[in-house]
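Fold the following.
(chains A and B)
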Amino acid sequence: MTNTKRKKAIVVLEDGISFTGFSFGATGTASGEVVFNTSLSGYQEILTDPSYKGQIVTMTYPLIGNYGVNKEDVESRRPFVEGFIVKECSRIASNWRSCDTLDNYLKENNIIGIEGVDTRAITRHTRLQGAMKAVISSEDLDVENLLKKVRASKGLVGKDLVNEVSCKEIYQWNNEGEYHVVVIDCGVKLNILRSLALNNCRVSVVPANTSSVEILKLNPDGIMLSNGPGDPEPLTYVVKTIRELLGKIPVFGICLGQQLLGLALGGRTYKLKFGHHGANQPVKDLKTGKIDITAQNHGFCVDIESLNKDEVEITHINLNDNTLEGLRHRKLPVFSVQYHPESCPGPHDAQYLFKNFIEMIEENKH
Amino acid sequence: MPKRVDIKKILIIGSGPIIIGQACEFDYSGTQACKALKEEGYEVVLINSNPATIMTDPEIADATYIEPITPEVLEKIIERERPDAVLPTLGGQTGLNTAVKASEMGIFDKYNVKMIGANTQAIHKAEDRKLFKEAMKKIGLDVPRSALAYNMEEARKACKKIGLPVIIRPSFTLGGTGGGIVNTEDEFEKIAELGLKSSMISEILVEESVLGWKEYELEVMRDIKDNVVIVCSIENFDPMGIHTGDSITVAPAQTLTDVEYQKMRDASISIIREIGVETGGSNIQFAVNPENGRMVVIEMNPRVSRSSALASKATGFPIAKFAAKLAVGYTLDEIRNDITKETPASFEPTIDYCVVKIPRFTFEKFPEAQDILGISMKSVGETMAIGRTFKEALQKGLRGLEIGHNGLDNKKKYTEIDDEKLNQRLKEPNASRIFYIKYALQRGMSVEEICRMTKIDPWFIFNINEIVLLEKEIILSSRKTRGMGFDSGLLLQAKQFGFSDKQIAQLIETDELAVRNFRQKKGVEPTYKLVDTCAAEFEAYTPYYYSTYESEDETRSSDKKKIMILGGGPNRIGQGIEFDYCCCHAAFALKELGFETIMVNSNPETVSTDYDTSDKLYFEPLTFEDVMNIVDKEKPDGIIVQFGGQTPLNLAKNLADAGAPIIGTSVEAIDRAEDRDKFSKIITKLKISQPPNGSAVSWEQAVSITKEIGYPVLVRPSYVLGGRAMRIVYNEADLKIFMKEAVEASEQRPILIDKFLEDAVEVDVDAVSDGNTTVIGGIMEHIEEAGVHSGDSACVLPPHTLSDDIIETIRKHTFALSKELGVMGLINIQFAVKNDEVYILEVNPRASRTVPFVSKATGVPLAKIAAKVMVGKKLTELGVIDEKKIEHVCVKESVLPFSRFSGVDIILGPEMKSTGEVMGIDTSFGMAFYKSQLAAGSLLPEKGQVFISVKNSDKRNIVFIAKKISDMGLEIIATKGTAKVLKSNNIKVKVVGKIGEGDNDILKLIGKGEIKLVINTPNGARGQSDMKPMRSAAVMRGITCITTIQGAQAAVNGMEARYKGDFSVKSIQEFLSV
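Numbering: from 1, shown residues only, chains lettered A, B, ... in the order given. Prediction:
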């Protein structure tokens, strides 16, 4: 379709910068923090990653939707992004597994998309000014109006987004496996569950607000602290639970899970300027010197300085900015990573961490 | 891990002459490697026979051997230089093969030289199809079903088992030569046999056909600590069955979900580990069944490749440079990403644009060859384009290809193509299929139907259809508004879809400038974005730009004086690495003078498009629009158009008219040299002889000119390079055929007709002038007679048969012409010498193909000097006063691509056909010539049988040549006529039948491999085609085939030199310091 006949849409950032493009997916207005993701593929996984709750995702790769959407490549029950910004949304879905176009998928899931904007400019702006609040709209194109809305909207800091994405009831992911792992669901990606199952785990998923007592009642061999959206600081209830579990049962934290663990171990977290969102982040294992290319998606991070080094060992760092990527308790069976060993989307380099978790569980059993 | 300290001196093997399948990408990679290793404090020794490369510049390596790349020569160099290690993975297949052979011969062990990068075991495992398949199966990867065969019987058995269609792949060859797709049993017999012959080890693979599957490539890097990263994924637009070098390719992969991409990534990492490439880059190819996603591994190149050069340019990640650093022990995290400065190389580049590479073919040079594509590579160059969408990049690429298209335009009217032709062009992969896809869409064929016929992924066809639909919209809108009243939103969208101004002008029936003005008035201007390896996640410090139509522009301006250099675009026959060499030298020279240099080029294989070469790089098509947009943005103080070959020269006039500050020789002077009438006036004024000539724009004029000057005549279109469509014409019938072709090649410009001087010696001169002083760079005497294109002819510097008087006349003419034309920079003049008279053939006031050769031979950096002259320096100021005299002899020999085009006659003529060149350097002509032949792969035999058959006029001259050959102990075989002459001169000769004459005719002897050298000079006039199959057969079997008497004479000189004793090697630095 030629652009002249298309419905317009607009993104307005809280500092007043705006970009006009064209509407795709659902129409309407949505607000959230604008972040950019540098993955070349995997948009369906990104859309359905609950960690993006509260965020509008800009894809840096300009051609999105090429292979459509399918039934398998989902990371949760539905898309969680607040809005989706791309350069060009493909109207053709070309892949043998595809069952629909991205455009239709977003419409069905009521996600507002905008295309035809200079996504590189948005990315550069975000890099230079930091991740900021924004409104995306295809019904109101008035910048002043929208700017008011942006400024009135609440940001991510201090907000509990986990309770919006966490499951409400305990459920069994699978019924077989030698090791019983309880996953504290702060917005867990399904591939964490799949990966555990593949590694011979029987997986129970519990809501984020489940108490340690209830968790212990399930008699788990290991605890998985899942990924999830937003700021870890307001999640004091999860931090409390973790503190009560530490030392009793082996714990493995991923992403938000690492941040919560960091807090539980007495550390501090802080907001990164624009976070890490992509599939090409180099992480160095400080013990072996080996480098993994990792999938990452986080806007907050544990402050290395805040950790008690007598208790906590820094195991991994990010080679781009030297931020904390992994830690391990020196005495207790507890470790975590800031990146995503379950990938989806992203490289599989760090998959072995699930095996390490199982080994830790094994050791703890004996 | 820090760098290795047990190594101090490293030998790098280059890739030799430019041939199809191995082009200047290896100059790019080799140059990067030399620089990277020197930077680390290693002493670098280099072998490369190609003088047109940047890597053979004396300052790049510590010791540079411009010598033939053979294991024997390698040994001589190793014996002299005693390197600690050899790095074989940067010189293409040539480098790899030579290293493997040398290793097998025990040379490396003998001198205790370590192979770094990849060892022979890994190379074998990757290159040997059987070992490779076993390795893949071992690590659980899928491969096409197949069987190896070493003879025809085994081959037939394998074919039966797998079932037709199958693919035949010979082991250990270059660029897929000798292989083929087989649909019928007859084809099988033919291709299997050829495959067995072209394999170095007589091994072919008969393989399940995965034709029509999706094709992908991944560029992988590994370090000594086993860290592996994927630099880039590439999806081929053309499906399996078309050599990736001949395919349109796109980066990154477009139609793979992350799940499938990660599967491929995992496979690639397992492969590089299993094969055992310890450090450096590899290229791995996959095929994916579009029906069910079945992924099979096709092959792996355990070295830097054409695709890795493309990946480097597409991402900004310099694979070759890093490969060199990894080879000496660094790990990826110890290497800094040059572009971001702060982040390490241990990451995977991510890009925020789409890259399209389009191959450039030259089938027009080989009219007998069909432009059908298969698994044997045929393209001679490529262009790369960057855009924010596939549509934009594709159209930019098509106009950057310089084949007369302004994008995906309407050169042919879709209404005029019949269904049969359309279907055929869609079904059978060919060089112009992309345009037929458009015509099909315009004719209403559905995307699905086109996909079915072409096996191209629907995503690509759908995108092309979006271009078609927008084009309709533009036409409609302009009709409604009677011209250019259309919406600026539509105009912006057209630009975002990659439409050129010219293309839009054609659609709305106006001219390019009108669209340009309208566009600028509407504020629809290009923005420039950075190629930064990281999609803007980090600050980028290297100004490597591409244009697009977006909201933010990222160019940064400086206060420095700026000079813009226009490159040569895609390589083609006639315009290749030599011109890129000159452009790079201009950048280097002007940097020395403190200018900010801005390079504009679209060829991803080149050194000029390395972001290190100039201060700023614009990766853009070389069209008026694209260049002028950059001029508007950068406002350079000067633009150099005379180094990039014909491409920038063709733009010069329009650029100058638009106010662009072109420096160097004026556009008027260029025109005076090109325009026949104006040029004749100069010649008359300067009292220089010229063959009788005229120019014609019509048939009648042409006939009347030939009547006046008499046949034979040399005819050619004006303003073309590489002798495009140039012919020697002996009669009116041939003239008629020529006129038709020539009009196509030069569009409305006059046809030039010269009296052809038979048996004249041709001389090439390169000189540099500052307007007052002219200094000669080199005078080169051609080996072949005038009439053979200078680019195809061998030549020697200094001249070896010309008298001092003649040379003095040539000098005088050169000075006079330079002065008269007001040359500011380089000038190249071609003379013909006949009966002691010097005639002028043509003058080119620009860089010529021989500039790098002359510079290597003399050590005088002509292009650099010329660049400095263009910005106002005087030659005296630069210390360039006298013509350099050299004590050694240099021979340039051309390398021809005939073995790629089966059935094409190999005769040399005025139309250039060579793809590359080599240089032989020694103290005598004979040995320098011998080396040049060895380097070009035309081995001059020391024993065995030599077949001689010459035209009547050569019979007298052949006697002396044959006598010498016979005296050196070689046997002579000749056809009846030639034999008679030789016998009567007491030369021992065996008679053989012409083709079809008797049981054991010459064709059969060639087939049996009994002939080591062929000397066959065909008659000038047509009809001398009875020996054509013999010549073709010889070339296909790698037998040296000489087609001129002068060439034969030189060959004998070479053979004699070799007969008297073995040759020695010496570095160019030593030759030049004498």
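
For the stretch 351-500 of chain B, give me the ranges with low pLDDT.
Residue ranges of the stretch 351-500 of chain B with pLDDT under 70: B:482-485.

can you map out the helices along it?
B:390-400, B:419-427, B:433-442, B:447-454, B:458-480, B:488-496 (DSSP state H, counting those that start in this stretch).

can you redo those helices as TSV with distance to chain A and mean neighbour count?
Using the backbone N, CA and C atoms, a C-beta is placed for each residue, glycine as well. TSV is the format used below for those (distance: least, C-beta to the nearest C-beta, whole Å; neighbours: other C-beta atoms under 10 Å in any protein chain shown):
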stretch	distance to chain A	mean neighbour count
helix B:390-400	6	27
helix B:419-427	19	15
helix B:433-442	14	23
helix B:447-454	8	18
helix B:458-480	4	20
helix B:488-496	5	20
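
got a markdown table for those, with distance to B:Cys1041 too?
Formatted as a markdown table, the helices of the stretch 351-500 of chain B follow (distance: least, C-beta to C-beta, whole Å):
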| stretch | distance to B:Cys1041 |
| --- | --- |
| helix B:390-400 | 36 |
| helix B:419-427 | 34 |
| helix B:433-442 | 34 |
| helix B:447-454 | 38 |
| helix B:458-480 | 42 |
| helix B:488-496 | 51 |
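
And what about the residue in the stretch 151-300 of chain A that chain B sits nearest to, helix, strand or coil?
The stretch 151-300 of chain A approaches chain B most closely through A:Asn280 (4.0 Å), counting by C-beta to the nearest C-beta. The three-state label given to A:Asn280 by DSSP: H, G, I helix; E, B strand; the rest coil is strand.

for it, what are its contacts?
Counting by C-beta atoms under 8 Å, 6 or more residues apart in numbering or on different chains, A:Asn280 touches A:Thr38, A:Ser39, A:Ile293, B:Phe347, B:Glu348, B:Pro349, B:Thr350.

List just the nearest of the residues you listed to B:Asn1019.
Proximity of the contacts of A:Asn280 to B:Asn1019 (C-beta to C-beta) peaks at B:Pro349, which lies at 57.5 Å.

where's that closest one relative to B:Ser608, distance?
Using C-beta to C-beta, to the nearest Å, we find B:Pro349 at a distance of 21 Å from B:Ser608.

Repeat that for B:Asn119.
From B:Asn119 to B:Ser608 the distance is 33 Å (C-beta to C-beta).

quick one on the thing from earlier: for the residue lying closest to the residue of the stretch 151-300 of chain A closest to chain B once chain neighbours are set aside, what are its contacts?
Closest residue in space to A:Asn280, ignoring its immediate chain neighbours: B:Glu348 at 4.0 Å, by C-beta to C-beta, 6 or more residues apart in numbering or on different chains. By C-beta under 8 Å, 6+ apart, B:Glu348 lies in contact with A:Ala279, A:Asn280, A:Ile293, A:Pro347, B:Val229, B:Ile230, B:Val231.

where does the closest residue to A:Arg330 other than its chain neighbours land in three-state SS?
Once flanking residues are discounted, A:Arg330 sits nearest to A:Glu313: 5.5 Å by C-beta to C-beta, 6+ apart. Applying three-state DSSP to A:Glu313 yields a three-state assignment of strand.

Distance of A:Glu313 relative to A:Thr20?
Taken as C-beta to C-beta, the span from A:Glu313 to A:Thr20 is 50 Å.

Same check on B:Val206?
58 Å.

pLDDT wise, what is the residue in the stretch 301-450 of chain B that chain A sits nearest to at?
For the stretch 301-450 of chain B and chain A, the shortest gap (C-beta to the nearest C-beta) falls at B:Glu348, measuring 4.0 Å. On pLDDT, B:Glu348 comes in at 97.

A helix includes it, no?
No. Judged by three-state DSSP, B:Glu348 forms no part of a helix; its state is coil.

Near chain B, which residues of the stretch 101-250 of chain A are found?
A:Val117, A:Asp118, A:Thr119, A:Arg120, A:Ala121, A:Thr123, A:Arg124, A:Arg127 (C-beta under 8 Å from any C-beta of the partner chain).

Skipping adjacent residues, who's closest to the last one in space?
The shortest distance from A:Arg127 to any residue that is not its chain neighbour, by C-beta to C-beta, 6+ apart, is 5.7 Å, and that residue is A:Phe274.

Phi, psi for the one you found please.
phi -140, psi 10 (degrees, to the nearest 10).

Counting neighbours, what do you get for it?
21 (other C-beta atoms under 10 Å in any protein chain shown).

My read is that B:Asp501 contacts B:Glu512, right?
Yes. Taking C-beta atoms under 8 Å as the definition, B:Asp501 is a contact partner of B:Glu512 at 5.0 Å.

The two - which one has more neighbours?
Just comparing B:Asp501 and B:Glu512: by other C-beta under 10 Å the higher neighbour count belongs to B:Asp501, 27 against 19.

State the pLDDT value of that one.
97.

list the contacts for it?
B:Glu512, B:Val515, B:Arg516, B:Arg519, B:Glu625.

10 Å instead?
Applying C-beta atoms under 10 Å, 6 or more residues apart in numbering or on different chains, we find B:Asp501 in contact with B:406-407, B:494-495, B:510-519, B:623-626, B:628-629.

What's the ChimeraX line that selects buried ones from those residues?
Typed into ChimeraX, the line below selects the buried ones among the contacts of B:Asp501, using 16 or more other C-beta atoms under 10 Å in any protein chain shown:
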select /B:406,407,494,495,510,512,513,515,516,518,519,623,624,625,626,628,629
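
In terms of residue numbering, what are the domains of chain A?
Chain A is divided into the following domains under automatic domain parsing: A:8-152, A:162-365.

Could you list every helix and strand in contact with the helix or strand hosting B:Ala135?
According to DSSP states H and E, B:Ala135 maps onto helix B:129-138. Contacts defined by 3 or more C-beta pairs under 10 Å, 6 or more residues apart in numbering or on different chains; DSSP states H and E place helix B:129-138 against helix B:120-127, strand B:146-149, strand B:204-208, helix B:258-275, strand B:295-301.

Can you say which of those is nearest to chain A?
Once these are compared by C-beta to the nearest C-beta, helix B:258-275 is nearest, at 3.3 Å.
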